[in-house]
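Student: mind looking at a prediction? Sequence and model below.
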Amino acid sequence: MVHLVKKVKKGNTYLYLAERGRVDGKSKQLWQVYLGPEKRFKESTELVLKPGFQTESIQFGLIAALLHIAQKLQLTSIIDQVTKKRNQGLGVGDHVLIAAINRCLAPCSKTQIREWLDTTILKKFYPSLDVQVDASAYWTHFRYLTDENIELIENELARVVKDTFGIKFDDLSFDPTNFFTYINPRQENQELAEHGHSKEGRATLNIINMSLFCALDGGIPLLHLVYPGNVQDASHFRDGALPRLKQRLEELNIPAATVTLIFDKGNLSEEAFEIIDALKCKYICSDRPSSHKTLLNIKPTEFEMHELPNGKKIGVKEFHDEKYGRARRFIAIFNPNEAKWKQETLATKMEAKIAEISEYFSTRVVFSPGEKRKGQGDKWRTRTNVEAKVKELIGSRFKDMIHVTITGPDEIPLADGGRFDVVVSTEKEAIEAENLELGKSFLMTNRDDLALHDIVWVYRQQYLTERAFKWLKSPDFVSVKPMFHWVDSSIKGHLFSCFIALLLLTLLVRELSTSGVKTSIYKAVKHLKAINVTRITIPGRKEPIDQLDKLSPESQQLLDALDLGKFL
């Protein structure tokens, strides 16, 4: 019940409105609002109340959800225990957590992160920061994230992921990528940013490489590696990734023989398979079609057709061949939808190429008597020059499928005039042979216990790692960019924060799935971002009131499933 309360302070009486109620069986004051001094009300014949409260909108839903996962993951305590930084303001774990959450909501530079933090529910958990949360603070704390410390942190996180979240390590997908930077050529304390093959097409910029091992059980990232941009994928897989995976499995007491490794043909090498065979782990990888040229001519009718769990149909055919010193199991795959699409694309490109050749020579090989064209001289009067240009226009892609017939003399006399007849036609047999090869791919595996179409399905789950890289390059969430770092230690710390952001988000979606809420990461982020809080500050009340805004049914479902009310 609301009642009037009088309080005497230094001989003056002040009035308050307050309400009491029972909490956990005990009578407690629920709220209190200051009205003013009693003297003012005695002097006035009217009671005039001016609320004087203030409101502000606070970002809540997605932040609270990520905090929920971080608490289950014991993230900050694990990082702080490993880095052993003395207790002085925010720890390394808090800096990483704040940066990771920021990457998921509103990626910004570290100089802007404090301004962003003050608009979120995080302000409630860090109410009196006695140190700056800025770029300088992050540069200082990122120095604690050495390669050895990151390895120890990931080991502990992997244990929690396995034991608390129940993630299975049976199938691990590996894939590398890189990120372009605006870092100038090598400077002091800089070895990561190097010139290499940019997968984003920024050939003139220095790049930084990163690789991931993800569990196919939810696409959860388990191990990340950051390495110089001039290191090739195959050599990194052989010299860096596989040794680190072996070490990780040993530290987690996971027998390598129980793990299936999924990777693509860009990582193939004889040395890598020496390690894989020695580990006795299972593998499913793609192989280069150029290694099986004779099998590219297999007719579609020779494949055994199957329907995958996603409803798409494929054809499979098994064969065995020797590779890297031993007989191995191969699977030839025929994708009818891909074959049809590529055939239509090929036909369209051929039509465009034929039109280009015909248009090019429509006027260039016709001469009137005595004509000598400006800028051309006698270039198109000789048959040899015309044939050379035709070959250049056709290119290597269509050299067997497009045929050009050139009729006329070896050279057109200047006095007589005349023309070369250029006729473009197609080679039907070459086109049919090319179409026969389209839509085919090859896998290599030692999983003899799985049916052919099941092996194809497992390999296709590698999209989970590719999807992770898509998010890391997205400007909307889990974004590596902007990356305003130049020193290697800061770059590694920044990428580690992005890895943690990815880990939190993927675990969040899996947590929702196990709670019976089927959703994608995009929908989860969308509906959780829509959960905001209005913070009401009332004069005379010590603590502000946090009131949830009106929620959609989808947002309410996520709020209840994750019990986010505990953060209010």
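Tutor: Here it is on my side, so go on.
Student: where does this structure have low pLDDT?
Tutor: Under the criterion pLDDT under 70, the flagged ranges of the chain are 1-2, 23-25, 42-53, 127-132, 185-189, 365-378, 412-418, 540-541.
Student: that one - how does it break down into domains?
Tutor: 1-50, 339-436 (automatic domain parsing).
Student: any idea whether the closest residue in space to residue 401 that isn't next to it in sequence is helix, strand or coil?
Tutor: Counting by Cβ to Cβ, 6 or more residues apart in numbering, residue 401 lies nearest to residue 430, which is 4.7 Å off, once chain neighbours are set aside. (Each C-beta comes from the backbone N, C-alpha and C, glycine too.) Recorded secondary structure, residue 430: helix (DSSP: H, G, I helix; E, B strand; the rest coil).
Student: residue 30 now?
Tutor: strand.
Student: with the one 3 residues further on instead?
Tutor: Reducing the assignment to helix, strand or coil with three-state DSSP, the entry for residue 33 is strand.
Student: next one: residue 245
Tutor: Going by three-state DSSP: residue 245 is helix.
Student: not counting sequence-adjacent ones, nearest residue to it?
Tutor: residue 213 (6.3 Å).
Student: got the contact list for that neighbour?
Tutor: Contacts for residue 213 (Cβ atoms under 8 Å, 6 or more residues apart in numbering) come out as 172-174, 221-224, 241, 245, 248.
Student: biggest helix in the protein, by residue count?
Tutor: Longest helix in the chain, counting residues (DSSP state H): helix 488-514.
Student: list the buried ones in that helix?
Tutor: By neighbour count on 16 or more other Cβ atoms under 10 Å, the buried set for helix 488-514 is 488-512.
Student: one step back: number of residues surrounding the residue nearest to residue 401?
Tutor: 15 (other Cβ atoms under 10 Å).
Student: mind checking how far it is from residue 360?
Tutor: Distance of residue 430 to residue 360, given as Cβ to Cβ, to the nearest Å: 22 Å.
Student: same question, residue 562
Tutor: As judged by Cβ to Cβ, residue 562 and residue 360 stand 64 Å apart.
Student: same question, residue 291
Tutor: Plainly put, residue 291 is 38 Å away from residue 360 if you go by Cβ to Cβ.
Student: for residue 443, phi and psi?
Tutor: Main-chain dihedrals, residue 443, degrees, to the nearest 10: phi -120, psi 150.
Student: that one: neighbour count?
Tutor: Residues near residue 443, counting by other Cβ under 10 Å: 22.
Student: how close does it sit to residue 453?
Tutor: For residue 443, the distance to residue 453 - Cβ to Cβ - is 11 Å.
Student: same deal with residue 110?
Tutor: Distance from residue 110 to residue 453, by Cβ to Cβ: 48 Å.
Student: kindly report the same for residue 509.
Tutor: Counting by Cβ to Cβ, the separation of residue 509 from residue 453 is 27 Å.
Student: the strands in the stretch 301-450 of the chain, which residues?
Tutor: Listed in chain order, the strands of the stretch 301-450 of the chain (DSSP state E, counting those that start in this stretch) span residues 304-307, 313-323, 326-334, 366-367, 402-407, 418-419, 421-426, 440-445.
Student: tell me which of the ones you listed lies nearest to residue 138.
Tutor: Residue 138 lies closest, by Cβ to Cβ, to one member of these: strand 440-445, at 43.4 Å.
Student: quick check: angle from the closest one to strand 326-334?
Tutor: 150 degrees (axes from the mean of the first three to the mean of the last three Cα atoms, to 10 degrees).
Student: for strand 440-445, give me every contacting residue.
Tutor: With contacts defined as Cβ under 8 Å, 6+ apart, strand 440-445 is touched by 282-289, 291-292, 295-296, 298, 323, 328-335, 339, 455-456, 459.
Student: how does it look with 6 Å?
Tutor: 284-287, 292, 296, 328-334, 455, 459 (Cβ atoms under 6 Å, 6 or more residues apart in numbering).
Student: with stretch 491-503 instead?
Tutor: Residues from elsewhere that reach stretch 491-503 (Cβ under 6 Å, 6+ apart): 96, 99-100, 103-104, 142, 145, 150, 192, 221, 224, 226, 468, 472, 478, 480, 483, 485.
Student: also stretch 33-41?
Tutor: When contacts are defined by Cβ under 6 Å, 6+ apart, stretch 33-41 is touched by residues 13-17, 538-540.
Student: which ones among the residues you listed are found in strands?
Tutor: In strands, defined here by DSSP state E, the members of the contacts of stretch 33-41 are 13-17.
Student: farthest-separated two in these?
Tutor: Using Cβ to Cβ, the two most remote members of those are 13 and 17, lying 14.8 Å apart.
Student: now the strands for the stretch 101-250 of the chain?
Tutor: Secondary structure of the stretch 101-250 of the chain (DSSP E, counting those that start in this stretch): strands at 171-180, 207-215, 220-228.
Student: need the winner for burial among the ones you listed.
Tutor: Highest mean neighbour count of the strands of the stretch 101-250 of the chain: strand 207-215, a mean of 25 (counted as mean count of other Cβ atoms under 10 Å).
Student: just to revisit the earlier point, which one, of the domains of the chain, ends up nearest to residue 546?
Tutor: domain 1-50 (12.8 Å).
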